[in-house]
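Undergrad: Kindly generate the corresponding structure for this input.
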Amino acid sequence: QVRLVESGGGLVQAGDSLRISCKADRRPLGVDAMGWFRRAPGKEREFVSYISWNEGLSFYGDSVKGRFTISRDNDKDTVYLEMNRLEPEDTANYFCNAQITIRTVTNYWGQGTQVTVAS
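TA: Residues are numbered from 1 along each chain as shown. Below you'll find the model as predicted:
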């Protein structure tokens, strides 16, 4: 079991930047990747970004590509999402995800952190 705790959400203005963080409560052995998804009211969960834990390869959803940057600090068991040029359409609850493979693949989720972008 791995517990993921997000932080850093809040209310910002369109065009602002914000960084959210996700920390694992212990070293996530067998982690393949960590990343972010988001869900806006009335919408499906949307992939935002993930980063491979060992290689540091990053991937982004089309709606955030070029504006968001994911990074990780392996020593702190933490992944960050730097969000720039925020738009009202980015308003959502952002969930951290960790994919861990130990014999089988298991996904862990945080409780989410709310990001609200005012126009």
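
Undergrad: CA atoms for contacts and neighbours, from now on please.
TA: OK.

Undergrad: so who does Ala33 touch?
TA: By C-alpha atoms under 8 Å, 6 or more residues apart in numbering, Ala33 lies in contact with 50-53, 98-100.

Undergrad: from memory Gly9 sits against Ile20, does it?
TA: Yes: under the criterion of C-alpha atoms under 8 Å, Gly9 makes contact with Ile20 at 6.0 Å.

Undergrad: the more surrounded of the two?
TA: Here Gly9 and Ile20 are compared on neighbour count by other C-alpha atoms under 10 Å; more neighbours surround Ile20, at 21 against 18.

Undergrad: just for this structure, where's the confidence low?
TA: The chain contains no residues with pLDDT under 70.

Undergrad: just checking, next helix/strand downstream of the helix or strand encompassing Asp32?
TA: Secondary structure assignment for Asp32, by DSSP states H and E: strand 31-39. Going down the chain from strand 31-39, the next helix or strand is strand 46-52, by DSSP H and E.

Undergrad: what about the strands in the protein?
TA: Remark: strands assigned in the chain by DSSP state E are 4-7, 10-13, 18-24, 31-39, 46-52, 58-60, 68-73, 78-83, 92-102, 104-109, 113-118.

Undergrad: quick one: strands adjacent to the fourth one?
TA: Taking DSSP bridges as the criterion, strand 31-39 pairs within the sheet with strand 46-52 (antiparallel), strand 92-102 (antiparallel).
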